[in-house]
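Engineer: coords below, sequence missing:
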């Protein structure tokens, strides 16, 4: 079975830093990505960014480190990160370092929605 190519598009970077372009739901065509998903009103991070008129948490003036934000770094997101080997804070750092385009390019090249928690630990 041939794997589907992961598209490179900065508009597919979610407010929390995840890369929707590598998501199975997006690749199957059943989701347009977090930015375009008007039904994602349950997502506090998305709602916060919409209210602030920011693209991602990397632009937040109140929290230089997203782990100090209760909307970003809550118990559900920490469980999600553990189960799915997802390091959203590392994604936000990468956006700050490389910009949205650079982050999207890196995530599309890796074929992952998020920077791996394990990979980030091995770098430290």
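Structural biologist: Looks like it arrived, so ask away. Bear in mind that the values here come from a model prediction, so they are computed numbers and not experimental data. Numbers count the residues shown, from 1 in each chain.
Engineer: Tell me how many other residues crowd residue 58.
Structural biologist: Per other C-beta atoms under 10 Å, the neighbour tally for residue 58 reads 21. All C-beta spots, glycine's among them, are computed from the backbone N, C-alpha and C.
Engineer: What's the separation between the closest residue to it other than its chain neighbours and residue 39?
Structural biologist: Distance criterion C-beta to C-beta, 6 or more residues apart in numbering; nearest residue to residue 58, sequence neighbours excluded, is residue 95 at 4.0 Å. Distance, residue 95 to residue 39, by C-beta to C-beta, to the nearest Å: 24 Å.
Engineer: So for the two, which sits in the more crowded spot?
Structural biologist: Comparing residue 95 with residue 39 by other C-beta under 10 Å, the one with more neighbours is residue 95, at 23 against 7.
Engineer: What lies in contact with the helix or strand harbouring the more buried one?
Structural biologist: Per DSSP states H and E: residue 95 is located in helix 88-110. For helix 88-110, the external contacting residues (C-beta atoms under 8 Å, 6 or more residues apart in numbering) are 6-10, 12-13, 16-19, 21-22, 55-58, 65-67, 72-73, 77, 81, 113-115, 117, 120.
Engineer: List buried residues within those residues.
Structural biologist: Buried subset of these (neighbour count, 16 or more other C-beta atoms under 10 Å): 6, 9-10, 12-13, 16-19, 21-22, 55-58, 66, 72-73, 77, 81, 113-115, 117, 120.
Engineer: Keep only those of those that are in strands.
Structural biologist: The members of those all map outside strands under DSSP state E.
Engineer: got the phi/psi numbers for residue 38?
Structural biologist: phi -60, psi -20 (degrees, to the nearest 10).
Engineer: For burial, what's the neighbour tally of it?
Structural biologist: Neighbour count for residue 38, taken as other C-beta under 10 Å: 7.
Engineer: what's the distance between it and residue 50?
Structural biologist: From residue 38 across to residue 50, the span is 10 Å (C-beta to C-beta).
Engineer: With residue 29 instead?
Structural biologist: 24 Å.
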